[in-house]
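Chemist: model the following, please.
(one chain, ligands or ions: 2)
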Amino acid sequence: MTTTTVTTTVTATAPAGPVAPAVPLAAEQQRTAELEELIRRQPGRFRVLTGDRPTGRLHLGHYFGTLLNRVRLQELGVETFVVIADYQVITDRDVADRLGEHVENLLLDYLAVGIDPARSTVFTHSAIPALNQLLLPFLSLVSVAELGRNPTVKDEIAHSRQSSVSGLMYTYPVHQAADILFCKANLVPVGQDQLPHVEVTRTIARRFNDRYGTTTPVFPEPDALLSAAPSLLGTDGGKMSKSRANSVALSATADETARLIRGARTDVERHITYDPVGRPEVASLVLLAALCREADPHAIAAEIGDGGAAALKRVVTEAVNERLAPVRARRAAFAQDKGELRRILREGNERAGAVAEVTLQEVRAVMGAVYV
Ligand code: ATP
Ligand code: MG
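Modeler: Ligands and ions are numbered 1, 2, ... in the order given. Sure thing, here's the model as predicted:
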């Protein structure tokens, strides 16, 4: 059997327009502050798309990185779509293990944190053919060299379980552009690792509009919306990720949570401070306690002072368990009715499918691809 490996040595001419630049985090945070103001004044101007890969249970990084923002936007009346990105599971592994179970768990996590299926459309992208068809014209708008430069893709390749890198790994940011643009979303509440992908989507939207442009642009150029925790670290000091065995799941029991946090990496200095640059692991734990208690991280660090890593972990464990107790109770209640979960997904898929059909027809019309 042969395996296709895409390399970045293939040269291709990039379509017109600047290559997606690496936007500094500070600039994105500034943009987030401006967006928050606009959302507060006119929530009806925005449409949200976000989502997650069904590769495991959602964790604290998701909760503070994006889930709380999704729920807040939903409550403000912003129309929201949430994609369960099932095709993207096979970007970094050969088979999508226990996919049905992961999809169900993702849905339970969503419901537990407050995503309301009556107001937010939850769907799986494999169930929406018209969304996936957008991938074809979109792929023509980016060069192979651009795909190879994406820093998040490079990081995921480094952590991949595969011996060679598939074409799907290189092209999934373009697939994500289809996820975002099928419903013409202009706001994407995400963690820091997603910033390069949102930039790819912006580039594709701009290039599509330029290439096939009518007087009104077909696609918006969406903005990323960051939270106060754009990249929460896991127990090993790397980005908390559901497939890297370093996360604290929202659905973990109080005891599991205590055990996981006890095993978290810290450093040798006894006095606890909040210094994200100099002491990233300690700072991430301090931040976690602060986020759970809605307190200032410096105040949390001062409270622990010379208590050292053991006291820090005790404070974090208590704060996390207290914060998640109602989420865990709601999750258990929703888990009682599997038929209801299937109904939610069926309805979400129907709603998303109808939206995708309209967008695809518009795309084909501006491309001149309507013949009958
Ligand atoms: P996987 O290991 O399968 O890639 P993941 O934990 O990275 O899983 P994703 O499904 O890739 O989760 O990401 C879903 C969303 O959650 C994205 O918007 C991503 O930016 C955000 N996110 C993921 N991990 C974190 C984190 N540690 N801190 C903040 N946001 C995060
Ligand atoms: Mg990820």
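
Chemist: so where's the stretch 151-300 of the chain shaky on pLDDT?
Modeler: Residues of the stretch 151-300 of the chain meeting the criterion pLDDT under 70: none.

Chemist: what strand or helix carries Ala177?
Modeler: helix 167-181 (DSSP states H and E).

Chemist: oh, I was asking about Asn321
Modeler: helix 308-334.

Chemist: helices or strands next to whatever helix or strand comes next after that helix in the packing?
Modeler: Proceeding C-terminally, helix 308-334 gives way to helix 338-367 as the next helix or strand, assigned by DSSP H and E. Here helix 338-367 touches strand 79-84, helix 99-113, strand 120-124, helix 129-133, helix 195-212, going by 3 or more CB pairs under 8 Å, 6 or more residues apart in numbering; DSSP states H and E. Heads up, the C-betas are built off the backbone N, CA and C, glycines and all.

Chemist: let's see that with 6 Å instead.
Modeler: Judged by 3 or more CB pairs under 6 Å, 6 or more residues apart in numbering; DSSP states H and E, helix 338-367 is in contact with strand 120-124, helix 129-133.

Chemist: got the angle for it vs helix 167-181?
Modeler: Put simply, helix 338-367 runs at 90 degrees to helix 167-181, going by axes from the mean of the first three to the mean of the last three CA atoms, to 10 degrees.

Chemist: next, give phi and psi for the residue nearest in space to the middle of the chain.
Modeler: Against the mean C-alpha coordinate of the chain, by CA atoms, centre = their mean, the closest residue is Val190 at 4.8 Å. The phi and psi torsions at Val190 (degrees, to the nearest 10) take the values phi -140, psi 170.

Chemist: quick check: Val198 touching Val188?
Modeler: Yes. The criterion here is CB atoms under 6 Å, and Val198 meets it with Val188 at 5.3 Å.

Chemist: what is the burial count for the closest residue to ligand 1 within the stretch 101-250 of the chain?
Modeler: Here the stretch 101-250 of the chain gets closest to ligand 1 at one residue, Gly191, 2.4 Å apart by CB to the nearest ligand atom. Per other CB atoms under 10 Å, the neighbour tally for Gly191 reads 21.

Chemist: so what's the closest residue to ligand 1 within the stretch 251-372 of the chain up against?
Modeler: Residue nearest to ligand 1 within the stretch 251-372 of the chain: Ser284 (9.1 Å; CB to the nearest ligand atom). Shown in contact with Ser284 (CB atoms under 6 Å, 6 or more residues apart in numbering): Leu233.
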